[in-house]
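Peer 1: Provided below for reference: sequence and predicted model.
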Amino acid sequence: RSFTDLAGLPMPTIAVLEGYAFGGGAELALACDLRVADARAELSFPEARLGIMPGAGGTQRLARLVGLSRAKELIYTARRVCGTEAVRLGLADHCVEEGKAMQRALELAREIAQSAPLSLRAAKAAINQGVEVDLATGLKLEEYLYAQLIPTRDRLEGLKAFADKRKPNYTGE
């Protein structure tokens, strides 16, 4: 449940992968919105070789990230995936040189933090909930969430800052 709670946080989350992320560690990374690996990172889902299976969302989140067949292969074989391959498979978003994953994650966080908090929350909800329903329902959800942002102070601040050619000062209101 704690990984589901992490995935359900309204703000964007970033996993930093340096070294080994096997089993629960890999599942924890899957519960985050973004994953940054370094060159020495290795991910694996070895549970089947231990007489169990991924039980903290790994079967569901992995399949949604890399596709059904690739998820089955990774879970059935417990194959280790390096950071470079993780990016190629869609399991990680970035692979950087050894020891630089935290730095890249913080850069991403700073980029994300420039966006309006309410916009990030709405976009995350639209994406996460929208992939669980048909396209028409997802589009209605997007429209609803978009409409919730129209009366916000942050929207007005964003427009004013754009017109004034300055960075916005978002308050989450």
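Peer 2: Sure, I can see it.
Peer 1: Would you mind naming the helix or strand containing the closest residue to residue 152 other than its chain neighbours?
Peer 2: Spatial nearest neighbour of residue 152, excluding adjacent residues (C-beta to C-beta, 6 or more residues apart in numbering): residue 118 at 5.6 Å. Just so you know, the C-beta spots here come from the backbone N, C-alpha and C atoms, and that holds for glycine as well. Using DSSP states H and E, residue 118 maps to helix 117-130.
Peer 1: helices or strands next to whichever helix or strand comes after that helix in the packing?
Peer 2: Past helix 117-130, further along toward the C-terminus, the next helix or strand under DSSP H and E is helix 135-149. If you count contacts as 3 or more C-beta pairs under 8 Å, 6 or more residues apart in numbering; DSSP states H and E, helix 135-149 packs onto helix 117-130.
Peer 1: Show me how far the helix it packs on is from its chain's centre.
Peer 2: Relative to its chain's centre, helix 117-130 lies at 12 Å (C-alpha atoms, centre = their mean, to the nearest Å).
Peer 1: What residues of it count as buried?
Peer 2: For helix 117-130, the neighbour count (16 or more other C-beta atoms under 10 Å) marks 117-126, 130 as buried.
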